[in-house]
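Trainee: Structure of the sequence below:
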Amino acid sequence: MDTLPGSAAEQVLDFSDVAQWTRAVPQARPHHHRLAFAVLIGLLTLLAGTFEWSLLAAEGWSPVNVLLFTLFLLLFTSVAIGFSQAFFGFLILSDRKTTQPSINLTTEENFSRLPTTAIVVPIYNEDVSAVFARLRVMHDALQSLGAIDRFQFFVLSDSSDEEKVHAEKLAWARMAARCGPDRIFYRRRKLPLNRKSGNIADFCRRWGSQLRYMICLDADSLMSASTLVELVRRMEANHRIGILQTVPQAINGLTIWSRLQQFAMSLYGPIFAAGARFWQQAESNFWGHNAIIRLAPFMQHCALPELPGRSSIGSRPMSHDFVEAALMRRADWEVHLAEDLGGSYEETPPTMVEHLKRDRRWCQGNLQHWPLVLARGFKPITRFHFLHGIFSFLASPLLLLVLVLGFVKNLTAAPFSDGLFADAARAHIAFLLFGFTILLLLLPKVLALGLALQGGRAREFGGAGKMIMSTLFEMFISILIAPVFLFFHVKFVLFSCLGKKVEWNAQQRHRAQGIGWREAWEVFGLTTIAGVSVGLITWWLTPGYLLWLLPIILGWLMAVPLTALVGSPKLGAGLRKAGYFLVPTELAPPPEITDLQRALLRPLRPNDYRKAAMLDPLLHHGFSARMKNEMAQLHRQIWCTPAANLPPSWRRELSDFALSVQLPGEELQAEPT
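Mentor: From the prediction side, this is the model:
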């Protein structure tokens, strides 16, 4: 169904005479922020490298030790990067009076100066009621603000499930009947080429030349009206920006796992985001959603190329957002991170299983970028983004290689290696280095906790005591889960190297029943077996090395029960009731979240689209021309007949229909006879 404004599919785009707002304006940028960031990383890596050097030098520089030292520097540099980013973010937020700027918008403000902006939502076999509930909330918020005339909504479907497709059309028709047919548009591609990136590209080819900006959302995205307007304002104020990325906050977490992610993003996320903006400046990254894009340069410069080389997992970029940001920067446009702007939300995977499915897609997408690291024309910071994304998954097999080499070294006779525990002094250095690494991993969370306590934000997380306990529990769970992710990331990298492609399936965003122990065993049983096997072999052959492997082995052994427990919505609700893992959007929810939660209580049943199309007065009024005469007559007969005279089945359908569409404070009215 191509139900969108005037198709431009046959137009030839000409960018030679575009307005000034489509041209990048180069601007010199100071690099002292980036220099400070690099210096701190270098100092931390040098300090840790000195300790590691002293441990290995006493054994002599065999090929194994040279390899171990090289791997250590690579892995520790990654740790230092994360800490340095959080540290500078902590310094910035410590000096900032508020973590989010106030946006002064009033209903009397004149928004006519703002260009019309598309709010684009690509979907694929999603929960239709939830998708359109979010759209309705954003529409109503913009309408209340008086800015609705400056925005249009576009639902771009690649759904393959026919039941979902019918439900999408019904939901679109209902919203169009209420909001106006020129406010929301729906298009379903018959052939979903290149997944989400192909969906967006098709929209740009057909209708992008008619619009200046596009705000790209995911199916689970939500943004406040003030944030939507502010994004357009910032783009209008700075004509050098090609992409402006917000930092979404997680909402609607039900299971312990999703609530852990929600809590971590709310408490720790701000210092990492502020640190990222500190060193990235105008060369930030794009995450594919909850961002505004300047369409003219996006269409002109960001068409995704075929990746060079022979990749066993495909030549079309899966992590298209990284590539699009790189292409935008190559054309001298800026990519900014609006870390100071609130009102941007998303939902996180409800279980570890769904989280790992997403990680597998990201893994293959990031590994595809290796040919681009050395491609011509990219900025140095762009190459760093590619390398950092690749290494975020390669770190797991490299760490596993370090552990295997350590195990082999402890089995080797004295002439090859005198062993890590040969003397107390070297053992002391090894423990010191281990403690230093753990400190850099955990200190950002402590700094974020201290910042919240100092800034008086503890009440936003349920009080100081509950916030501290939630932080400690989150650290404990993270330590246990990290080895599980290590195990699976190694598998993902191996599968990618072997050419095993990821299937494109709809995401499971909600798990009302959680994850059962049987399903947990099916997914993580091999992890548990690996933990038992590695533990027994290490204890048998080199008991001294077991101490170093113990944190990883415990994580593998606990994988099944931990997955089942953190995936439980019932336990998640219990912890919320007890006051743990609370976040500001729960204790003082913004209006858009309150409206969304209210709207989600009225889901459309997946199989009632045919009867709803028959019953809905708005659909009949707005689209009666599309209905057959006998259907229109039956519609009027049902609504004109007193309820007592209707058959019981139709009375039930009318009752269910009224509950599914009635809004708070609204009454469903029958058409006049």
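Trainee: show me where pLDDT drops low in the stretch 301-450 of the chain?
Mentor: Scanning the stretch 301-450 of the chain for pLDDT under 70 picks out 308-315, 412-424.
Trainee: where do the helices sit along it?
Mentor: Residue ranges of the helices in the stretch 301-450 of the chain, as given by DSSP state H, counting those that start in this stretch, are 320-330, 352-367, 380-411, 424-454.
Trainee: which residues touch the shortest one?
Mentor: Outside helix 320-330, the residues that touch it by CB atoms under 8 Å, 6 or more residues apart in numbering are 196-197, 242-243, 283-288, 297-298, 301-305, 317, 335, 365-366, 369, 372, 377-379, 381-382, 385-386, 389. All C-beta atoms are positioned from the backbone trio N, CA, C, and that covers glycine.
Trainee: gap between it and the chain center?
Mentor: With CA atoms, centre = their mean, to the nearest Å as the basis, helix 320-330 stands 17 Å off its chain's centre.
Trainee: Same question for the longest one.
Mentor: The gap between the average C-alpha position of helix 380-411 and the chain average comes to 23 Å, counting by CA atoms, centre = their mean.
Trainee: elements contacting that helix?
Mentor: helix 63-94, helix 320-330, helix 352-367, helix 464-497, helix 543-557 (3 or more CB pairs under 8 Å, 6 or more residues apart in numbering; DSSP states H and E).
Trainee: pLDDT of the helix or strand following the fourth one, averaged?
Mentor: It refers to helix 464-497. Sequence order places helix 517-541 as the next helix or strand after helix 464-497, per DSSP states H and E. In this model, helix 517-541 has a mean pLDDT of 91.
Trainee: buried residues in helix 517-541?
Mentor: Residues 519, 520, 521, 523, 524, 527, 528, 530, 531, 534, 535, 538 are the ones in helix 517-541 that count as buried (16 or more other CB atoms under 10 Å).
Trainee: what does it contact?
Mentor: Identification of contacts with helix 517-541 by CB under 8 Å, 6+ apart yields 353, 356, 407, 411, 484, 487-488, 545-546, 549, 552-557, 559-561, 563-564, 567.
Trainee: most neighbours per residue, which of the helices of the stretch 301-450 of the chain?
Mentor: Sort the helices of the stretch 301-450 of the chain by mean neighbour count, taking mean count of other CB atoms under 10 Å, and helix 320-330 sits at the top with a mean of 23.
Trainee: angle of that one against helix 380-411?
Mentor: 130 degrees (axes from the mean of the first three to the mean of the last three CA atoms, to 10 degrees).
Trainee: where in this structure is pLDDT low?
Mentor: The model of the chain has pLDDT under 70 over residues 1-30, 97-108, 308-315, 412-424, 501-513, 602-639, 649-673.
Trainee: Including distance to residue 31, could the helices and strands packed on helix 380-411 go into TSV?
Mentor: Shown next, in TSV, are the helices and strands packed on helix 380-411 (distance: least, CB to CB, whole Å):
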stretch	distance to residue 31
helix 63-94	14
helix 320-330	15
helix 352-367	26
helix 464-497	33
helix 543-557	39
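Trainee: just to revisit the earlier point, now the helices of the stretch 301-450 of the chain as CSV including distance to residue 116?
Mentor: Below are the helices of the stretch 301-450 of the chain laid out as CSV (distance: least, CB to CB, whole Å):
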stretch, distance to residue 116
helix 320-330, 22
helix 352-367, 32
helix 380-411, 31
helix 424-454, 39
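Trainee: Between those helices, which one is closest to residue 52.
Mentor: Checking the helices of the stretch 301-450 of the chain against residue 52 by CB to CB gives helix 424-454 as the closest, at 6.5 Å.
Trainee: Are there helices or strands packed against that closest one, and which ones?
Mentor: Here helix 424-454 touches helix 32-57, helix 63-94, helix 256-267, helix 269-280, helix 464-497, going by 3+ CB pairs under 8 Å, 6+ apart.
Trainee: residue ranges of the helices in the stretch 101-250 of the chain, please?
Mentor: In the stretch 101-250 of the chain, helices defined by DSSP H, counting those that start in this stretch lie at 128-145, 162-179, 195-207, 225-237, listed in chain order.
Trainee: Let's have the ones you listed in CSV, adding mean neighbour count and distance to residue 581.
Mentor: Below are these laid out as CSV (neighbours: other CB atoms under 10 Å; distance: least, CB to CB, whole Å):
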stretch, mean neighbour count, distance to residue 581
helix 128-145, 22, 22
helix 162-179, 19, 32
helix 195-207, 21, 31
helix 225-237, 20, 25
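Trainee: what's the closest of those helices to residue 58?
Mentor: It is, among the helices of the stretch 101-250 of the chain and with distance given as CB to CB, helix 195-207, at 52.5 Å.
Trainee: report the angle between the axes of that closest one and helix 320-330?
Mentor: Using the same axes, to 10 degrees, helix 195-207 lies at 50 degrees relative to helix 320-330.
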